[in-house]
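Colleague: Here's my sequence, what's the structure:
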Amino acid sequence: MSFTKRIAALLLASWILSFSASALAADSETAETPPPAAEFMEAEEALPAGEGAEETDLLLDEEGEESEDAPAEPEEDDELNHLLDLQELDGLVSQFIHERGINENNLEIAFCYTGTGETYFRNADKYIIGASLYKLSLNMGLARKVAAGELQQSDSIYGMDISYIERRSLVYSDNAVSEALIGYFAPFRDYRLMQAEIAGIPEEELPEEYFSSNTFSARFMLGVLQELWSNTDNYPNVVECMLEANPGEYFRRSMDGKYTVAQKYGGGDGYLHTAGIIYTPTPILLVVMSYRVTKAETVIADLAKLMTDYSLTLDQRRDTILEERAEAERLAREEAARLKAEEEARIAAEEEAKRLAEEKAEAERLAALEAQQTPQPSPTAEPEKTVRPEEGTEGTARIGVLIVLAVLLAVLIGFYVFQKTHPSASGHKTARREYAARR
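Modeller: Model prediction:
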């Protein structure tokens, strides 16, 4: 192979290796920052002209600020906010009523699971005599004035300070004190509107007889409890009084020793009701109103146990969902960590391969460059010999000696030939030497 062909082959091999290293580096960079998915790009391009732009224009005004048509905030977690199975709970209540032989028209039930705010109502919209239940919203109206700074807890109304009124009315269900307090909110219609406002019942939804009587429904009373639960700070001292009321009776008959209960009862003329907060792990709000129900207090206590036990199953459902989600999140984190580790290992391997390829390519490039700079002997010509100056002087002397020796050798050879070809000359010289010797 000629010198030119060898150089061309080395350059070709170096270019191939450099191209391979560049391709490997490009693959690594592509893996780190992938291009947009083709499917997504195609999907966007497939939209009818102007359709996507029209939707975007509805969200932003000309100055780029959000308009009134901006999307609503994401909804809360439906699964965790819908634990209560109304059909299941209604089945339990129906079984309870059937087993006790109760006329269900004479029993109203309203229930709220505070963990989600979900509610259950059974025959809960009929207004019946509420007896002393009115004292709860009455005292809440008074406490709200204290929270607003209109009154002080030590202020007197009709010669009684507010703390005394609350304890007499809510703990001991004192009728005289409570009826005097009604006069403070006169006229009577205004007093009844104040109670409805606390319950969250609009005036137009109230029956006309409501404004001339002491009637309530289970739904109404649950609204009162929901307001008390949600805004306890607006009603100082009310819950504290309810916690003391009727130990061992009504809800506390089945709950004492298990869960704390804040309750208010009302009864008389065949009516017996209880409304209260039962402080289970996730507290519940419960209203039971009855009319001419046999052993009504036992029924009220047992319903409190039934609803409490059911609320515990809701706690279990919530905990199960949270545990499953926590486990799913844990597994997702582990999988993400595994994938990340694999990706990092892959990138590291690619970077190492890229480094080795670059080193190899660089070494081959330098070798090829060195090969180009070093002269190569021609296959048809003798290599030129570089002679140092001192070597030239010595060579000249040797040549001179050889010339002298050659000349001497030629003289000797010539003399020898002459002797052989002229013998008389040799005899003449011999005679002369003999003659000289005789003399």
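
Colleague: any low-confidence regions in the stretch 251-400 of the chain?
Modeller: Scanning the stretch 251-400 of the chain for pLDDT under 70 picks out 376-397.

Colleague: what pLDDT does Met1 get?
Modeller: We have a pLDDT of 48 for Met1.

Colleague: and if you look at Lys420?
Modeller: Lys420 is given a pLDDT of 70.

Colleague: neighbours around it, how many?
Modeller: Lys420 has 9 neighbours, counted by other CB atoms under 10 Å. All C-beta spots, glycine's among them, are computed from the backbone N, C-alpha and C.

Colleague: can you check Asn231 too?
Modeller: 13.

Colleague: With Ile277 as the reference, measure out to the most centrally placed residue in the chain.
Modeller: Per CA atoms, centre = their mean, the C-alpha nearest to the average position across the chain is that of Glu329, at 9.2 Å. Separation of Glu329 from Ile277 (CB to CB, to the nearest Å) stands at 34 Å.

Colleague: And for Leu412?
Modeller: For Leu412, the distance to Ile277 - CB to CB - is 150 Å.

Colleague: Mind checking which of these two has more residues around it?
Modeller: With neighbours defined as other CB under 10 Å, Leu412 and Ile277 compare such that Ile277 has more, 24 against 10.

Colleague: Now the more buried one: closest residue in space that isn't a chain neighbour?
Modeller: Excluding its sequence neighbours, the residue lying closest to Ile277 (CB to CB, 6 or more residues apart in numbering) is Ala262, at 4.6 Å.

Colleague: How about the secondary structure of the spatially closest residue to Pro202 that is not a sequence neighbour?
Modeller: Nearest residue to Pro202, sequence neighbours excluded (CB to CB, 6+ apart): Ala196, at 7.7 Å. Three-state assignment for Ala196 (DSSP: H, G, I helix; E, B strand; the rest coil): helix.

Colleague: and the closest residue to Tyr291 other than its chain neighbours, what does it touch?
Modeller: Spatially, and ignoring its direct neighbours in sequence, Tyr291 is nearest to Asn106 (4.6 Å; CB to CB, 6+ apart). By CB atoms under 8 Å, 6 or more residues apart in numbering, the contact set of Asn106 is 290-293.

Colleague: Quick one: mean pLDDT over stretch 129-143.
Modeller: Rounded mean pLDDT across stretch 129-143 is 98.

Colleague: how near is Glu343 to Ala336?
Modeller: According to CB to CB, Glu343 stands 10 Å off from Ala336.

Colleague: oh sorry, the question was meant for Leu181
Modeller: Leu181 is 63 Å from Ala336, where distance means CB to CB.

Colleague: before we move on, the earlier item: for the helix or strand harbouring the residue nearest to the centre of the chain, packing partners?
Modeller: Glu329 is part of helix 296-373, with elements assigned from DSSP states H and E. With contacts defined as 3 or more CB pairs under 8 Å, 6 or more residues apart in numbering; DSSP states H and E, helix 296-373 has these neighbours: helix 3-32, helix 78-81, helix 86-100, strand 107-113, helix 251-255, strand 271-279, strand 284-291.

Colleague: Just want the angle from it to strand 284-291.
Modeller: Orientation of helix 296-373 against strand 284-291 (axes from the mean of the first three to the mean of the last three CA atoms, to 10 degrees) gives an angle of 160 degrees.

Colleague: Any stretches of the stretch 101-250 of the chain with poor pLDDT?
Modeller: By pLDDT under 70, the stretch 101-250 of the chain has no low-scoring segment.

Colleague: about what we covered before: ramachandran coordinates for the residue nearest to Ile277?
Modeller: With angles defined as degrees, to the nearest 10, Ala262 sits at phi -110, psi 120.

Colleague: so it touches Pro247, yeah?
Modeller: No - using CB atoms under 8 Å, Ala262 makes no contact with Pro247, being 12.0 Å away.
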